[in-house]
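1. Pasting the sequence and the predicted model now:
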Amino acid sequence: LPGWALAADGKSISRRFRFADFAATMAYVNRLAAVANRHDHHPDLKVGYNYCEVLFTTHDADGLTELDASCARAAQQLADERVAASKA
């Protein structure tokens, strides 16, 4: 997945997304939470004023699965939509 970093142990992928401000960051986090609930697959998040770090792994598999890739693509799409909306 372009832009995502594979952990040194190969068990997770992560990406840091940047946003205009805290409100935009939290809007992204809330939309990502809804997607995570629909997939029943929840990322680890680190949130700050204008960023959100997203990490996916499948604990039951002790590593990565197709579900992680699918959810990472969804997280990327949400971030892309936030950036496009801020430019409109």
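-> On my side now, so go ahead.

2. ok, and the closest non-adjacent residue to Arg73?
-> Among residues not flanking Arg73 along the chain, Leu1 sits closest, at 6.9 Å (C-beta to C-beta, 6 or more residues apart in numbering). Placement of C-beta: from N, CA and C, glycine included.

3. Unless I'm misreading it, the one you found sits right up against Ala69, doesn't it?
-> Yes - here Leu1 lies in contact with Ala69, judged by C-beta atoms under 8 Å, at a distance of 6.3 Å.

4. Find the residues that touch each one of these two.
-> With contacts taken as C-beta atoms under 8 Å, 6 or more residues apart in numbering, Leu1 and Ala69 have Ile13 as neighbours in common.

5. outside of the longest helix anywhere in the chain, which residues touch it?
-> Longest helix of the chain, by residue count under DSSP state H: helix 66-87. Where contact means C-beta under 8 Å, 6+ apart, the residues beyond helix 66-87 that reach it are 1, 3-4, 12-13, 15, 17, 19-20, 24, 27-28, 31-32, 35-36, 39, 41, 43, 54, 56-58.

6. Need the buried ones from those residues selected in PyMOL.
-> Selecting only the buried entries of the contacts of helix 66-87 in PyMOL, with 16 or more other C-beta atoms under 10 Å as the criterion:
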select buried, resi 4+12+13+15+17+19+24+28+31+32+35+36+41+43+54+56+57+58
